[in-house]
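Q: Here is a sequence together with a model predicted from it:
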Amino acid sequence: MPKIDYCNDRTSKVRSLLSGLLLLCLAFPALAFGAERGANNENLSGYYAREGNGGSPAKAAGNNIYIRFFADRWLGMLFLPYPYAESVDKAAIARVFDAARAKTPNSAYLRGTFGELDEKATMHIERYGYIEDRVIFECGSLAPCTIKLGDGYLDLIKPGVINEHIIRYRHVAID
């Protein structure tokens, strides 16, 4: 059987080009995930509150859920136990997000009072990126969750076995 030279000049150029592109994506992940979409309307002030907080969805799940975007493409999801969550004011919720984010430089699940609450809450902090016009992040589901942003609201789209679950969150401004 004749020897085949797999490392000829042509294949080494292609390999170098592909290696260079891979290194570029690793060195500049913002370019790989579409940082040009950075003005994608995610509101970094205040937070988003799930529609149904304080109602039957909160009673069924046992918590109120809040989402906040942070600088440098970080996202936090706060799970406050229901009915205690009904007694927590808007400014305290914003301070909980800030305190939890200050505790970790990485993706994490945190549990505690964060110096603001009387009962323990759970915070999920995760990096997010973009796919087309949507925010995408790991949310502990079968597949990544996506967020479609609107004017003053967001729709959280969680994958399901049969179909997607769309949950609306309204923006809450903090004075």
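A: Received it, and whenever you're ready, just let me know what you need.
Q: Without its sequence neighbours, what residue ends up closest to Asn107?
A: Not quite, residue 107 is Ser, not Asn. Computed as C-beta to C-beta, 6 or more residues apart in numbering, the closest residue to Ser107 that is not its neighbour in sequence is Glu126, at 4.9 Å. All C-beta spots, glycine's among them, are computed from the backbone N, C-alpha and C.
Q: Now do the contacts for the one you found.
A: Glu126 makes contact with 74-77, 107, 137-139, according to C-beta atoms under 8 Å, 6 or more residues apart in numbering.
Q: Then Pro144?
A: Contacts were defined as C-beta under 8 Å, 6+ apart; by that measure Pro144 touches 136-138, 159.
Q: Using the record, which stretches count as separate domains in the protein?
A: Domain ranges of the chain: 1-32, 37-172, per automatic domain parsing.
Q: mean confidence score for stretch 107-120?
A: Mean pLDDT, stretch 107-120: 95.
Q: Between the two ends of it, what distance do you get?
A: One end of stretch 107-120 to the other measures 19 Å (C-alpha to C-alpha, to the nearest Å).
Q: helix or strand right after the helix or strand encompassing Ala94?
A: Assignment of secondary structure by DSSP states H and E places Ala94 within helix 90-103. With elements assigned by DSSP H and E, the helix or strand that comes after helix 90-103 is strand 108-112.
Q: Now do the buried residues in that next one.
A: By neighbour count, with 16 or more other C-beta atoms under 10 Å as the criterion, the buried positions of strand 108-112 are Leu110.
Q: Pull up the per-residue confidence for the residue nearest to the spatial centre of the chain.
A: In the chain, the residue lying closest to the centroid (C-alpha atoms, centre = their mean) is Leu75, at 4.0 Å. Per-residue confidence (pLDDT) for Leu75: 96.
Q: Isn't it up against Arg68?
A: Yes: look at Leu75 against Arg68 with C-beta atoms under 8 Å: they come within range, at 7.2 Å.
Q: picking up where we left off before, from the contacts of Glu126, keep the buried residues only.
A: Listed as buried from those are 74-77, 137, 139; burial here means 16+ other C-beta under 10 Å.
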